[in-house]
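Colleague: my questions concern the predicted model and sequence given below.
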Amino acid sequence: MYLLTVATLVLIYVILALSLNLITGVAGQVSLGHAAFFGVGAYTLGYLMKTLGVPFAIALPFCLVTAGLLGLVLGGVSLRLREDFLAIATIGVNFVVAGFFLYMPYFGGPFGITGIVRPLPPEWYFGLVLLVTVGVVVLHERIRRSDLGLALLALKESEDAAAALAVDVRRFKITAFTIGCALAGLAGGLYASYISVITPNDFSFPLSVTILAMVSVGGMGTLWGPVLGALVLGAFAQAFAFVAYYQLFLYGLLLALVMRYRPQGLLGRRA
Amino acid sequence: MTILEASGLEKRFGGLRAVAGMSLHVEQGEILGLFGPNGAGKTTVFNLVAGSLRPDAGSVVFRGRDITRLSVHQRARRGLARTFQIVKPLRELSVLENVLVPLARNQLAGVLPLGSVRGKQRVGRATELLERVGLADRRDASAGSLTLGLQKRLEVARALALDPVLLLLDEPLAGLTRREAQDLLGVVSGLGGQVGVVLVEHNVRLAMSVVTRAMVMDAGELIAAGEPDAVRRDPAVIKAYLGTDEDDAGESS
């Protein structure tokens, strides 16, 4: 039972890491606010199921839509920014969204939304999450090997060169950001209904750092890198749950060590 | 046939008038050399035509259409290709993939371009272009591993993948050995016929051997234009450039 919980949560991390990898690893846009979109998905599901009584099967696709739309709007505004400013802007997005959950009257304030129903028994739910994960892996690979993926890899290296080669840089960046955010929203929906209780704190800035750590420790831009990162850091989180306060410390230490000794990540290709 | 008609181009950077009322046209199949001493404004003109800068005044008409307000990628799609003075190879991609980028569907028209990038036809076309610049045997190497000379050739192959009508070359010889420079010029002069070429170049002596028409700028303005030999002997040119600073006109190695 406990193992099943860990396995389900780790798979959700895998989806999250892959979704951020499309934005940061493939398209090269550093986002330090990914937890916000995860949260938007979770709150969308919680609100729809709990407050409006919408069934799970209908609520879940909405998580994709709300997080994706928010990504589209924020991406359109912020992707003009240079790399370092984009990182800071996305941190801001994370704080604003977490604050929105906390202070808007519909979302239960600091106590969040409780008693969200899980539609399936844990074993079946794990199967569902596994299925979605496989779907995300397939989509991730499809994108990487497509015209879209090549254009993203090109603009990651040089926006000027990509534009000179007829790549519509701005739109492609926004597209990657939107897809990544939508998938994070999907992960959020799966998470909310599994865990049944969500609070604003679950989607705050440290989680964004954790997701980025998963991607970078594993190896940005690859498929297995973010998967490995999510497995290692996700399992780590459970193994060290008794020292919850030290978790971020350990993540930070691991991230610093990897960046120092293997900057391309454990499975990354050396440039 | 005139493929490019730029008229009355003006560009200011703060108090500096980098380009002051410059007009130029390019005919199909010609190789136009744009020369001038440092700070003459030739790179600014280049960027105004390529679209990475917008003029304060004037217009750029390409194949009969006003493209003054179009962005770089829109111009590229219409057949206006460029290379960079400081090469911008997509280092982590292979040589082949570099050439596949312009051959891929790079516009979003409702549907996401999720087809596989390595279609047989595209790979064939890319390989053909690499053969043309003598890079076919390096197609699986990463672009970052090539020497500067080969990276410049890769940029030419990439630009040609756009099926350009006009090819803009920004100081293609800078940093090359004499041998590499001559190889590259051989590729450029082989393009004659279909493609119009604008060559902005510091190394006047070498470049003059391939250009069919020359223009010389100084202080943001055109000071001479015409046959390469006549331009070279033009007193205004000698005064502004060749005569006063012979080293600039010599070759770099």
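Modeller: Looks like it came in fine.
Colleague: how about the residues of chain A that lie near chain B?
Modeller: Among all residues of chain A, those adjacent to chain B (criterion: C-beta under 8 Å from any C-beta of the partner chain) are A:142-143, A:145-151, A:153-154, A:157-158, A:160-169, A:171-172, A:175, A:269, A:271. Bear in mind the C-beta positions are built from the backbone N, C-alpha and C, glycine included.
Colleague: buried residues of stretch B:12-28, list them for me.
Modeller: Neighbour counts over stretch B:12-28 (16 or more other C-beta atoms under 10 Å in any protein chain shown) mark B:Arg17, B:Ala18, B:Val19, B:Ala20, B:Met22, B:Leu24, B:Val26 as buried.
Colleague: tell me what the helix or strand hosting the third one is packed against?
Modeller: For B:Val19, the host element (DSSP states H and E) is strand B:16-27. In terms of contacts (3 or more C-beta pairs under 8 Å, 6 or more residues apart in numbering or on different chains; DSSP states H and E), strand B:16-27 is packed against strand B:2-13, strand B:31-35, helix B:42-50, strand B:57-62, strand B:196-200, strand B:221-226.
Colleague: so which residues of chain B form helices?
Modeller: With DSSP state H as the definition, chain B shows helices at residue ranges B:42-50, B:72-77, B:95-103, B:120-132, B:148-160, B:178-189, B:204-208, B:228-233, B:235-237, B:246-249.
Colleague: OK, contacts around the closest residue to B:Glu155 other than its chain neighbours?
Modeller: Nearest non-adjacent residue to B:Glu155, counting by C-beta to C-beta, 6 or more residues apart in numbering or on different chains: B:Thr83, 4.1 Å away. Residues near B:Thr83 by C-beta atoms under 8 Å, 6 or more residues apart in numbering or on different chains: B:Lys152, B:Glu155, B:Val156, B:Arg158, B:Ala159, B:Leu167, B:Leu168, B:Leu169, B:Asp170, B:Pro172.
Colleague: surely A:Asn94 touches A:Phe205?
Modeller: Yes. Under the criterion of C-beta atoms under 8 Å, A:Asn94 is in contact with A:Phe205, at a separation of 5.0 Å.
Colleague: neighbour count for those two, which is higher?
Modeller: Set side by side, A:Asn94 and A:Phe205 show unequal neighbour counts under other C-beta atoms under 10 Å in any protein chain shown, the larger going to A:Asn94 at 24 against 16.
Colleague: and that one, helix, strand or coil?
Modeller: Taken by DSSP: H, G, I helix; E, B strand; the rest coil, the conformation at A:Asn94 corresponds to helix.
Colleague: could you report the pLDDT at it?
Modeller: With respect to pLDDT, A:Asn94 has a value of 94.
Colleague: tell me how far it lies from A:Phe37.
Modeller: In this structure, A:Asn94 lies at 9 Å from A:Phe37, with C-beta to C-beta, to the nearest Å as the measure.
Colleague: do the same with B:Ala161
Modeller: Using C-beta to C-beta, one gets 36 Å for the distance from B:Ala161 to A:Phe37.
Colleague: quick one, what contacts B:Arg63?
Modeller: With contacts defined as C-beta under 8 Å, 6+ apart, the neighbours of B:Arg63 are B:Ile3, B:Arg78, B:Gly79, B:Val165.
Colleague: and the two most separated of these?
Modeller: Greatest spacing in those, by C-beta to C-beta: B:Ile3 and B:Arg78 (10.7 Å).
Colleague: tabulate the buried residues of stretch B:12-28 in CSV, adding columns for pLDDT.
Modeller: As requested, the buried residues of stretch B:12-28 are exported to CSV (pLDDT from 0 to 100):
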residue, pLDDT
B:Arg17, 90
B:Ala18, 91
B:Val19, 93
B:Ala20, 92
B:Met22, 92
B:Leu24, 94
B:Val26, 95
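Colleague: out of those, who's nearest chain A?
Modeller: Each of these was checked against chain A using C-beta to the nearest C-beta; the closest is B:Val26, at 17.8 Å.
Colleague: which parts of chain A are strands?
Modeller: In chain A, no segments count as strands under DSSP state E.
Colleague: list the buried residues in the helix or strand of it with the lowest mean pLDDT.
Modeller: Per-element confidence for chain A was summarised using mean pLDDT, DSSP states H and E. The lowest value among helices and strands belongs to helix A:244-261, with a mean of 79. Within helix A:244-261, the residues scored as buried using 16+ other C-beta under 10 Å are A:Gln247, A:Tyr251, A:Leu254, A:Leu255, A:Val258.
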